[in-house]
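Asks: let's see this in three dimensions:
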Amino acid sequence: MDAVRSQEAAVPNPPAYRLDESVGHLLRRAHQRHASLFQDRGAVGGLTSTQFATLLKLSELGQATQNALGRAVALDPATIQGVVARLRDRGLVEVGRDPLDRRTVVLSLAPAGEAVLAEAIGQGRRANEQLLAPLSADERRMLVRLLRRLLD
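Replies: A predicted model of the protein is given here:
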């Protein structure tokens, strides 16, 4: 009888919350897979995914203050400051002054940043394509719509 109780105690009760059904866990794993696919051929220009997102958004905006760029990429002020500093130090981002308010610092892509970004965009597209390969075109559009909805 004691041996039976001992075996029962060793078998845990199944959890009421399953990790493999957790949205947060699945999103994290999907993000990890995408990052791995993006880095598969080596980091383009040594870019991290955050640096890539920052350069891409800055390209879309043309010019931006560091604060506005951070908000556009959904990074807190301390993080965007470090990202911009590393991109600036590598000559990928240029720092200038706003002609209307000389106290305001504005950022723009340097020519080297444009070149690195052009190559990284291709790699980003390939990573997206590989990650989404199991989904139909309609499912891909739906996934993007649902993710945007969750973030609104």
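Asks: from here on, contacts and neighbour counts on C-alpha atoms
Replies: Fine.
Asks: which stretch of helix or strand covers R126?
Replies: Assigned by DSSP states H and E, R126 belongs to helix 111-132.
Asks: centre of the chain to the strand or helix carrying H31, how far?
Replies: Assigned by DSSP H and E, H31 belongs to helix 23-39. For helix 23-39, the separation from the chain centroid amounts to 10 Å (computed by CA atoms, centre = their mean, to the nearest Å).
Asks: ok, and what's touching it?
Replies: Applying CA atoms under 8 Å, 6 or more residues apart in numbering, the contact partners of helix 23-39 are L19, D20, S49, Q123, G124, R126, A127, N128, Q130, L131.
Asks: can you pull the pLDDT of the residue lying closest to Q123 once chain neighbours are set aside?
Replies: Distances taken as CA to CA, 6 or more residues apart in numbering put F38 closest to Q123, at 6.0 Å, once the chain neighbours are dropped. Looking at F38, its pLDDT is 85.
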